[in-house]
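Chemist: Sequence and predicted structure are below.
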Amino acid sequence: IPSLFHGEKMIYPPPAVSIRLHANENPYGPSPLARTAMAAAIAGSNRYPWEQTTTLREKIGQQYQLSKDHVLMGAGSSEILGLVASFAALQPGNMISATPTFNLWWTVAQQQGMQVIEVPLTAGKEHDLPAMLSKITPDTRLVYVCNPNNPTGTIVAADRLSSFIIAASQKALVLLDEAYLEYTEEPSLAPLLASNKRLVIAKTFSKIHGMAGARIGYALAHPDLIQQLTALQPWANAGPSAVSVAGALASLDDKDFLLTSKKNNAAVRGYTAEALKAAGLPFIPSYTNFLYYSLQQDKGDFLKALANNNIRVGRIVEEKGKWARISIGTQDDMLAFVTTLRKTFTT
Ligand code: PLP
C-alpha cells in the first residue's frame, strides 16, 4: 500500500485491486471540469462552503425551473432517502415499495417502527403500479418508487408514473428515486413539484456525474416539505464538503462529459447484452448502467470464476430464477467479464 505521507511518493489513484462491476459506479468520472474544480477547492477547505452550497442549490433549482428552496443537499442521495424515511416514520405506520429494489435505507424506516409492505415486480421485472396503489391504506406513510429501478434496470414511462404519483400522493408521501434517470430518455418528474407538496425526488451526483466517492446528492421537493426535512438534518445542507460542492457545480456544466458517459454506457451495455444473449443467459432490457440477468443455467461456477479473475459483481438478488446484477464498466472491464462468461457458458 503506497504511503500517503508528505514527502514520500504518492500514488494516486491507488492501484485498482479489482474490476468493479458491483456498485453501479460511473467508470469515467469525475468529469474533467469537476476534477479541476475539486483540486482548486482543496485550498479553500478550511472554510465552510455555505455560499458555494447555496449557489449549487440555486443552479440545481434552475435546471428544473425551481428555486433553491426546493433543493436540500445531502452526503449522497442515501442521506436523503434516510431523512425521508425518518420523516415518514414520525407517525407510526407502513411504507410501500416494490421488491426487489434499492432497499439499503429501509432499515432507517424499520428501526423506527415502520413496516415495509413489499409489492413484487411484474414478470417483466417492472413496477406493478396498480398493485402498489391497491396496497395503500390509511396507515401508509410512504410510497417508494425507484425509476429506473435498481437492480432490474426497468423504467416506467413519465406519463404513467406521473398519474401514479398524483393518485398515491393524495394518500401518502411519495419518494421517487431518480438516481439513474440521466441514463434514459425519460424526463424528470420535477415539474410535479410546482404544486405537489407530498412528493420528494431523490437525485445524486454518484451515477452519471461519476462522483460516488465525493458523496453528494439532493432532494427536490416543495419548499414547505424541504423545511420539514431540513429540521431532521443536524446542520442544514452541511453534508457535502467544499470539494464535493465545487465538483458538483463544475460537473453540471460539463455537458460533453455527461453525454459521453451516457453514450459509452449505452454502447458497452449493448456489447454486454449481446454477449449474454450469445451465452444463452436471459436478461432484462436495461435503461441504466447495469444489467439484470439470470444465472438459472449456471452450475455454480460462474460467480466463482469471476471472483478468481478479480471481477467484483453482486450476489444473486432473487433465488427464484437466480437473477443477478452486473454494472456496466468500461469496454475493457466488460471484455474481462465477457471472456469469463464465454469460457463458462460456451461449450
Ligand atoms: N438510489 C439508488 C437507486 C441507488 O442505486 C443508489 C446507489 O447505488 C443510491 C440511491 C444511493 O447513492 P448515493 O448515496 O451514492 O447517492
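Modeler: Thanks, I have the structure now. The structure presented is a predicted model; accordingly, all values stated were derived computationally and were not measured.

Chemist: Residue 290 is in contact with residue 327, isn't it?
Modeler: Yes. Contact between residue 290 and residue 327 holds when scored by CB atoms under 8 Å: they sit 4.7 Å apart. For the C-beta atoms, the positions are set from N, CA and C on the backbone; glycine is no exception.

Chemist: shared neighbours of those two, anything?
Modeler: Common contacts of residue 290 and residue 327 (CB atoms under 8 Å, 6 or more residues apart in numbering): residue 24.

Chemist: Tally up the residues packed near residue 124, please.
Modeler: 10 (other CB atoms under 10 Å).

Chemist: The residue in the chain positioned nearest to the ligand - how many residues pack around it?
Modeler: Residue nearest to the ligand within the chain: residue 76 (2.7 Å; CB to the nearest ligand atom). When neighbours are counted by other CB under 10 Å, residue 76 registers 24.

Chemist: Contacts only, for it.
Modeler: Contacts of residue 76 (CB under 8 Å, 6+ apart): 204, 206, 212, 215, 216, 217, 239.

Chemist: how far away is the first one from residue 95?
Modeler: Using CB to CB, to the nearest Å, we find residue 204 at a distance of 20 Å from residue 95.

Chemist: cool, the fifth one as well?
Modeler: Using CB to CB, residue 216 is found at 25 Å from residue 95.

Chemist: Look at these two and report which has more neighbours.
Modeler: residue 216 (28 against 25).

Chemist: residues touching the more buried one, list them.
Modeler: By CB under 8 Å, 6+ apart, the neighbours of residue 216 are 73-76, 204-206, 239-240, 244-245, 247-248.

Chemist: could I get the residues you listed as a markdown table with pLDDT, secondary structure and distance to residue 304?
Modeler: Formatted as a markdown table, the contacts of residue 216 follow (pLDDT from 0 to 100; DSSP: H, G, I helix; E, B strand; the rest coil; distance: CB to CB, whole Å):
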| residue | pLDDT | secondary structure | distance to residue 304 |
| --- | --- | --- | --- |
| 73 | 98 | strand | 42 |
| 74 | 98 | strand | 37 |
| 75 | 98 | coil | 35 |
| 76 | 98 | coil | 32 |
| 204 | 98 | strand | 32 |
| 205 | 98 | coil | 35 |
| 206 | 98 | coil | 29 |
| 239 | 97 | coil | 39 |
| 240 | 98 | coil | 39 |
| 244 | 98 | helix | 37 |
| 245 | 98 | helix | 42 |
| 247 | 98 | helix | 38 |
| 248 | 98 | helix | 39 |
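
Chemist: Buried by neighbour count, from those: which ones?
Modeler: Neighbour-count burial (16 or more other CB atoms under 10 Å) applied to the contacts of residue 216 gives 73-76, 204-206, 239-240, 244-245, 247-248.

Chemist: Next, give me the two most distant ones among the contacts of residue 76.
Modeler: Farthest apart among the contacts of residue 76 by CB to CB are 212 and 239. That separation is 14.6 Å.

Chemist: For the stretch 151-300 of the chain, what lies in contact range of the ligand?
Modeler: The stretch 151-300 of the chain has residues 177, 179, 204, 206, 212, 217 near the ligand, with proximity defined as CB under 6 Å from any ligand atom.

Chemist: swap the cut-off to 5 Å and go again
Modeler: Applying CB under 5 Å from any ligand atom, we find that the stretch 151-300 of the chain lies next to the ligand at 177, 179, 204, 206, 217.

Chemist: how about the residues of the stretch 1-150 of the chain near the ligand?
Modeler: 76, 77, 78, 102, 146, 150.

Chemist: can you confirm the last one is in a strand?
Modeler: No. Remark: residue 150 does not belong to a strand; assigned using DSSP: H, G, I helix; E, B strand; the rest coil, it is coil.
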